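Participant: fold the following for me, if possible:
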Amino acid sequence: MFTNKHIWSISYPIFLSLLAQNVINVTDTAFLGRIGEIELGASALGGLVYICVFTLAFGFSTGSQILIARRNGEQAYGLIGAVMMQGIFFLFSMAFLLFSLVHLFATPMMNLLVSSDSILEATVDFLGIRIFGLFFAFPSVMFRAFFVGITRTRVLTINAVLMALTNIVLDYILIFGRAGFPPMGLKGAALASVIAEAVSFLFFVLYTRFTVDIKKYGLNRMHTFDFSLLRRILSISIFTMLQYFISMSTFLFFFIAMEHIGQRELAIANIVRSIYIVMFIPVNSLSTAANSLVSNAIGAGYTSQVVGIIKKTARFSFFIMAGCAFVFCLMPEAILSVYTNSSALIADSVPSVYTISGVMLLCAVGSVVFNGVSGTGNTSVALLIELITLVFYCLYVYIIGMRLKMPVHICFTSELIYFGLLLILSTFYLKKGRWRNKKI
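Facilitator: Okay, the predicted model is just below:
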């Protein structure tokens with residue numbers, strides 16, 4: 001049985017890597033919050049469009065990670081390299097396709113969704129630069145899948161710290177115009193993020209080449225395109241890709257609803273979203289660990305331990321998040337002052353901080369249990385659970401946001417609907433036990 005120490009040994013490097021990666025989000029929001037509310041809103045909408053596209057790659061890598069972890073548990077190490085290389089080939093091709101589609105359709109799409117002309121123009125400018133990051137971010141997620149799948153996660157911390165430091169320095173230089181560079185504002189934030197992702201990808205390539213036993217994992221061979229293997233990966237990944245894309249698209253829908261309420265509400269939502277993402281980091285790291293541990297346990301023949309692993313990880317996640325929520329509720333103004341120097345904006349954002357602090361207690365358990373379902377390899381079931389949940393989520397956001405135009409902190413209660421349903425449906429599925437004989 002995996003102990004708390006074992007769970008934490010896998011989770012904490014992922015936690016540190018996510019913390020460093022989200023310094024990018026915090027830095028962008030904090031710097032742009034000192035420029036104006038239009039820039040804050042545009043970075044939120046443009047960033048979410050980018051993330052929606054990125055989640056297709058992340059979903060593919062998560063499915064690949066499940067397969068890599070299963071082969072690692074089976075000690076079939078030589079088969080891992082083929083999964084890794086097929087994934088990189090596929091994601092490079094997908095990056096080119098999605099880059100073209102965004103350039104063709106992003107402007108008319110945003111024109112239909114955004115009501116403010118100034119926010120629309122700024123969003124399109126931001127996205128026009130930010131989208132170049134796909135060529136580096138897409139292949140990078142396969143390296144993340146590889147290292148998580150083989151439970152060698154410390155490298156993720158190093159990579160993320162390097163990425164975060166690069167972004168912070170370039171944000172300061174390019175947004176405000178330092179070291180001889182002209183002030184680029186919102187475009188500078190987009191360019192800084194693209195360069196940081198390029199640095200991250202280069203690091204992964206060099207680290208893997210010089211520190212990993214590439215012969216052991218079959219990474220020393222040139223792999224030709226293998227449609228049968230790609231089809232096997234996609235049989236798991238396609239559901240995860242759709243799940244993440246649809247999930248993030250509905251989060252974009254939430255921000256569209258905030259933009260329709262008002263420019264100030266959109267700015268508040270972006271600041272609180274940044275805090276929300278920071279709070280989600282320990283939950284996300286433990287959820288990722290649960291996914292990998294479940295897949296490894298099944299691959300090693302320890303199916304009977306799966307429910308225990310999920311329960312132990314969920315309990316661990318809840319207590320960590322309870323401590324975090326207490327701290328955030330204790331000094332919300334101090335935390336919000338990191339993102340903006342506007343006292344009015346800080347005061348208006350405080351109620352939303354209280355709301356998301358409560359949400360995270362439910363999220364701490366719901367996210368881990370849901371990722372346990374994905375870890376069993378039943379990604380089609382995970383997609384179905386996500387779809388059912390999101391129908392109710394979108395209906396709730398539409399009513400309280402776009403129809404009733406309730407305050408932002410009330411709109412954030414939609415996250416209670418989301419994580420509550422995820423927890424109920426995932427628990428029900430795990431108790432039925434049909435996942436026990438799933439072969440991948």
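
Participant: hmm, who's touching stretch 412-430?
Facilitator: When contacts are taken as CB atoms under 8 Å, 6 or more residues apart in numbering, the neighbours of stretch 412-430 outside the stretch itself are 254, 272, 307, 310, 352, 355-356, 358-359, 362-363, 365-367, 369-370, 372-373, 378, 381, 385-386, 388-390, 392-393, 396-397, 400-401, 435. C-beta coordinates here come from the backbone N, C-alpha and C atoms, glycine included.

Participant: can you tell me the closest non-neighbouring residue to C411?
Facilitator: Using CB to CB, 6 or more residues apart in numbering and skipping the chain neighbours, the partner closest in space to C411 is G401 (5.0 Å).

Participant: next, count neighbours for the one you found.
Facilitator: When neighbours are counted by other CB atoms under 10 Å, G401 registers 25.

Participant: C-terminal to the helix or strand encompassing R231, what's the next element?
Facilitator: For R231, the element it lies in under DSSP states H and E is helix 227-261. With elements assigned by DSSP H and E, the helix or strand that comes after helix 227-261 is helix 263-299.

Participant: elements contacting that next one?
Facilitator: helix 4-32, helix 37-73, helix 134-149, helix 227-261, helix 306-330, helix 332-336, helix 343-375, helix 408-411 (3 or more CB pairs under 8 Å, 6 or more residues apart in numbering; DSSP states H and E).

Participant: out of the ones you listed, which gets nearest to L91?
Facilitator: The closest of the helices and strands packed on helix 263-299 to L91 is helix 134-149. By CB to CB, the value is 4.1 Å.

Participant: counting by contacts, list what the helix or strand hosting F90 packs against.
Facilitator: Assigned by DSSP H and E, F90 belongs to helix 80-113. The elements that helix 80-113 packs onto, with contact taken as 3+ CB pairs under 8 Å, 6+ apart, are helix 37-73, helix 117-130, helix 134-149, helix 227-261.

Participant: which one of those helices lies closest to L165?
Facilitator: L165 lies closest to helix 134-149 among the helices and strands packed on helix 80-113, at 16.4 Å (CB to CB).

Participant: in that closest one, what counts as buried?
Facilitator: Burial within helix 134-149, assessed by neighbour count using 16 or more other CB atoms under 10 Å, is assigned to 134-149.

Participant: same check, this time on stretch 401-419
Facilitator: Buried positions in stretch 401-419, judged by neighbour count with 16+ other CB under 10 Å: 401, 406, 408-409, 411-419.

Participant: work out for me the element the nearest residue to D171 once chain neighbours are set aside sits within.
Facilitator: If the residues on either side of it in the chain are set aside, D171 comes closest to A192, at 4.7 Å by CB to CB, 6+ apart. Following DSSP H and E, the helix or strand that holds A192 is helix 186-211.

Participant: returning to that earlier point: out of the buried residues of stretch 401-419, which one sits closest to I214?
Facilitator: Of all these, the one sitting nearest I214 is F419; the distance, using CB to CB, is 40.1 Å.

Participant: my guess is I233 meets L67, correct?
Facilitator: Yes: with contacts counted by CB atoms under 8 Å, I233 reaches L67, the gap being 6.2 Å.

Participant: and the pLDDT for I51?
Facilitator: Model confidence at I51, expressed as pLDDT, equals 83.
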